[in-house]
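Student: pasting a predicted model and its sequence here:
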Amino acid sequence: MQAKSNPLQVIINPPGIQFGMPGDTIQLYVVVINQGDQSAVIDLYFVFDEVFQNLTGWSSSPRESLALAPQQNSDEVTFEFQIAANALPGTYDYTLVVDSPLHYPQDTPITFPNQIKVLLKEQTAIRANDPTFSIRPNTNPNKPLIFNPSEPLQVEVIVDNRSYLVDRFRLSCPDLDDDWFTINYPATGFEGLGLVSDVTALELNPGTQGQILLKFHPPGDTLAGSYSPTIRLYSESSPDLVLLDLVYIQIPTNYRLDIEFNTILGKVSRSLGKYELSLANQGNIVRELILSLKSRDEEELYTYKFDPTEVRLLPNRSAVANLTVKPRPWWRRPWFGAGLVVNFQLDIKDQQNLPLPNTLPQGSLVWKPRPWWQFILLLLAVLGLLGGIGFIIWRILNPEPLRLENFSASNSQITEGDEVTLNWDIHNYKQLQKLVLTGKGSQPIQPISYDFSNGIPETLGKGSANEIPPCQVKEKQELSCSNVKTGVRTKGNYTFELQASYRNGIQLFSRNNQVANQTTEVEVVEKQIAEVVSFQANKPQYTKGENILLSWTIARPFLLEQIQISGSADDGTSYSEPITYKFNQGNIADPKLQKLCKQQNTQMQCTNISIPAIKAGNFAFEIKAFPNNGSEKISSKKTDSKIAILPKPFKIVSFRINGSEQPNLVLNEGESATLTWRVEGENIQVKLLPYGNDVKPVGSIKLPVNQAFPPRIGLLVNDISGKQQSQERGFAITVIKKVEPTPTPSINPLAPNLPSNSSPFKSPLPLR
């Protein structure tokens, strides 16, 4: 790697091509020896193109300067190449330059071309003794091989067997079909001896190099563009090695398009001219063509039709389009001579604006002259024209009379709230003097008069800013009126009459005082509303705190705005605030109600809709269906019978004396007895026996124990409404007398008027 006469010797390590994957860092080591007779300053730098700059991310070349005395070696200089993480596989060229312009200007610069090969990520990491291969010529995404369709594209695959074993190597292109490429292995020399019939691998001794020829010959229908097939090398000694590389190939674009235009029928009298267009895509791109014609004459005296109008052609494919040409207009057909020649030219447009042939086919159509019998038709046409002129003159002198037609309602049956509108047509309306609209029916209708003496009245001829005028002139003498409002909206049957009066003195034979009239009938029906068909509860009796389950069926639910459920007691008081369920254009807005309702045909059935039983008593529930169409009518229904809501059952939760619930208690005289009780329920009366006074459902009292202490104490609970049986709980008390010289009588604070030895119990208190 050095020139014999050069005073500078350069040692590069590694000396050959370097391998790396995207994201790797590659190092290059350089040692320079000054073999000259003078000291020198030596510069090291690189020369590279834009492709290599993008690969390494260098904006400028790294440089190193060395100062060496005669016969002095430099230290090892290290350069690092950081391969971009998004680098595409390929071989990239660069040049190392060693220069000493001040001291050895005649012997420098010295250039050392080198390469970096970016491997595929799928490739196995290459060790020191693993085989390698390279491709000549080198390619990368910016330096592809250009394919010439006239000859195969050949590359050399150089294989280095760096191992210590004899190895056989095979090549494959896994990305390509077999008709894309051919692999030629070098001959072994034994083919002629009949030992082998075909060479299927490259055999290399240890430390030797060989080559495999790879030819690319893409099929004729291969599209133009850039291709990067993968090359894989297989080693029989190391089958687990994955050795990969890419070849970048550019197939130039071929725009060749062959066009052939044939005439099938070129002379016509009543038929269409017929032609056939053949298109053959001899290029290597997809063609999308739009077919049309353009005239070669001053006038375009034809219409045409391509079948198909658009053609899509793949490479090496052809298509046929049929063309029919019709001469026009009919009066341009010649009466005599050889006929009318219509000239045209094919006009083809590529939807991708790709090049087309410079010259496109031309064609012509001969329109034969008319037959002799058409002269008779021409003569009859002239006579008819003269008769028509005479009729027009007669009609001017005697114009067509006014005619009132098509008097009808826009709809013969409408819904209450909509307005009745009328339509009519008047021929020769300029003879009209006055229109009078009258009507009779359930609602009194005032006659409406329209004066046409000064033209179309403003009420009919002009609409509001956003409305079309009711009456519009069609042609010259016809006035068409539609959606003329009458103001009638009330339910009932109506008959309308329209009278048209002639204008005086407008005709040659005046029709003074003549009147044309027509009648029509309209029915205004009552608005439909959502109607409650059924409404009931699932049982006649509930207990307060339960859920009352209601079910109903409503016809025409699409007319619902809301449902309201309310209740009332026997005395007229309301059960609670009404419960309302909203609807949006007939659709249930409440998600809970949606799960319990279903629509079938034109009815909505809702089952087991729960409302809480919050009051005791007898209540009648009513459902109301409010319509969404503006009707004031509301459909409602009550339950067939009143629903009884019973109060919650009451119970004595606890009744204790001094914290004990034992039915038989022994108390010592002089002590205190603490009574506590708790009763749950509504509308109840709680009495403490034997005293008989009312106490609260939850309470306590402390009593002194003495000889007047009652032998039985009880708690009695009664239902005020009388619908539940009374409950009672009590104790039997034994008082142990305290021995004292002088007993002191005690007075019961709850019954101060009772003697101490008397008992208020009228009957024994049952013990529990």
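Tutor: Nice, I can see it. Residues are numbered from 1 along each chain as shown.
Student: how about low-confidence regions in the protein?
Tutor: Scanning the chain for pLDDT under 70 picks out the ranges 1-4, 189-197, 374, 395, 397-399, 463-466, 476, 503-514, 739-768.
Student: against Ser100, how distant is Gln562?
Tutor: When distance is defined by CB to CB, to the nearest Å, Gln562 is 101 Å away from Ser100. All C-beta spots, glycine's among them, are computed from the backbone N, C-alpha and C.
Student: the helix or strand where Leu703 lies - contacts with which helices or strands?
Tutor: In this structure, Leu703 is located in strand 698-704 according to DSSP states H and E. The elements that strand 698-704 packs onto, with contact taken as 3 or more CB pairs under 8 Å, 6 or more residues apart in numbering; DSSP states H and E, are strand 672-680.
Student: now the strand it packs on: buried residues?
Tutor: Applying a neighbour-count criterion of 16 or more other CB atoms under 10 Å, the buried positions in strand 672-680 are 673, 675, 677, 679.
Student: ok, Gln562 and Ser100, which is more surrounded?
Tutor: A count of neighbours by other CB atoms under 10 Å puts Ser100 above the other of Gln562 and Ser100, at 23 against 15.
Student: mind checking how far the residue positioned nearest the centre of the chain is from Ala530?
Tutor: Residue closest to the average C-alpha location in the chain (CA atoms, centre = their mean): Asn587, at 24.2 Å. Taken as CB to CB, the spacing of Asn587 relative to Ala530 amounts to 13 Å.
Student: what's the answer for Gln413, then?
Tutor: When CB to CB is applied, the distance between Gln413 and Ala530 equals 21 Å.
Student: returning to that earlier point: closest to Ile264 among the buried residues of strand 672-680?
Tutor: The shortest separation between Ile264 and any of the buried residues of strand 672-680 is 112.0 Å, and it belongs to Val679 (by CB to CB).
Student: one step back: between Gln413 and Ala530, which one's more packed in?
Tutor: For Gln413 versus Ala530, the count of surrounding residues by other CB under 10 Å is larger for Ala530: 25 against 10.
Student: for the more buried one, which residues are in contact?
Tutor: For Ala530, the contacting residues are 554-560, 625-627, 635, by CB atoms under 8 Å, 6 or more residues apart in numbering.
Student: now it, what are its backbone angles?
Tutor: phi -70, psi 130 (degrees, to the nearest 10).
Student: chain neighbours aside, what residue packs nearest to Ser610?
Tutor: Leaving aside its sequence neighbours, Ser610 sits nearest to Asn547 (CB to CB, 6 or more residues apart in numbering; 3.8 Å).
Student: same deal with Thr230?
Tutor: Distance criterion CB to CB, 6+ apart; nearest residue to Thr230, sequence neighbours excluded, is Asp175 at 4.9 Å.
Student: hang on, that neighbour packs against Phe216?
Tutor: No. Under the criterion of CB atoms under 8 Å, Asp175 is not in contact with Phe216, lying 11.8 Å apart.
Student: more neighbours, those two?
Tutor: Neighbours were tallied for Asp175 and for Phe216 using other CB under 10 Å; the higher tally belongs to Phe216 (20 against 13).
Student: so how far is Thr182 from the more buried one?
Tutor: Phe216 is 8 Å from Thr182, by CB to CB.
Student: may I have the longest helix anywhere in the chain as CSV, with CA atoms only?
Tutor: For the chain, the helix reaching the highest residue count under DSSP state H is reported as helix 374-397. These are the backbone C-alpha positions of helix 374-397, laid out as CSV (Å, rounded to 0.1, in the frame of the first residue of the first chain):
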residue,chain,number,x,y,z
GLN,A,374,-86.9,12.8,-48.8
PHE,A,375,-87.7,15.6,-51.3
ILE,A,376,-91.3,14.7,-51.0
LEU,A,377,-91.0,15.0,-47.2
LEU,A,378,-89.3,18.4,-47.7
LEU,A,379,-92.2,19.6,-49.9
LEU,A,380,-94.7,18.5,-47.3
ALA,A,381,-92.8,20.3,-44.6
VAL,A,382,-92.9,23.5,-46.6
LEU,A,383,-96.7,23.1,-47.0
GLY,A,384,-97.0,22.4,-43.3
LEU,A,385,-95.0,25.5,-42.5
LEU,A,386,-97.3,27.7,-44.6
GLY,A,387,-100.3,26.2,-42.9
GLY,A,388,-98.7,26.8,-39.5
ILE,A,389,-98.1,30.5,-40.4
GLY,A,390,-101.8,30.8,-41.4
PHE,A,391,-102.9,29.2,-38.1
ILE,A,392,-100.7,31.7,-36.1
ILE,A,393,-102.3,34.6,-38.0
TRP,A,394,-105.7,33.2,-37.3
ARG,A,395,-104.9,32.7,-33.6
ILE,A,396,-103.7,36.3,-33.3
LEU,A,397,-107.0,37.5,-34.7
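Student: quick one: distance of that helix to the chain centre.
Tutor: 65 Å (CA atoms, centre = their mean, to the nearest Å).
Student: do the same with stretch 645-659
Tutor: Stretch 645-659 has its C-alpha centroid displaced from the chain centroid by 64 Å (CA atoms, centre = their mean).
Student: do stretch 434-449 as well
Tutor: Averaged C-alpha coordinates place stretch 434-449 at 55 Å from its chain's average position (CA atoms, centre = their mean).
Student: likewise for stretch 371-378?
Tutor: Using CA atoms, centre = their mean, we find the averaged C-alpha position of stretch 371-378 to lie 65 Å away from the chain's own average C-alpha position.
Student: and if you look at stretch 74-91?
Tutor: Distance of stretch 74-91 from its chain centroid, counting by CA atoms, centre = their mean, is 49 Å.
Student: stretch 331-346 too?
Tutor: Stretch 331-346 has its average C-alpha position 56 Å from the chain's average C-alpha position, going by CA atoms, centre = their mean.
Student: shift numbering so it begins at 808
Tutor: I'll keep to 808 as the first residue from here, and by that count the last item is stretch 1138-1153.
Student: in CSV, list the C-alpha atoms belonging to that stretch.
Tutor: What follows is stretch 1138-1153 as a C-alpha-only set of coordinates in CSV (Å, rounded to 0.1, in the frame of the first residue of the first chain):
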residue,chain,number,x,y,z
TRP,A,1138,-80.0,19.1,-41.4
ARG,A,1139,-76.3,19.1,-42.4
ARG,A,1140,-76.7,15.9,-44.3
PRO,A,1141,-76.2,16.7,-48.0
TRP,A,1142,-78.9,16.3,-50.6
PHE,A,1143,-76.5,15.7,-53.5
GLY,A,1144,-72.9,14.7,-54.3
ALA,A,1145,-70.5,12.2,-52.8
GLY,A,1146,-71.5,12.9,-49.2
LEU,A,1147,-70.2,14.9,-46.3
VAL,A,1148,-66.7,13.9,-45.0
VAL,A,1149,-66.2,14.3,-41.3
ASN,A,1150,-62.5,14.3,-40.2
PHE,A,1151,-61.3,13.6,-36.7
GLN,A,1152,-58.2,12.6,-34.8
LEU,A,1153,-57.7,10.4,-31.8
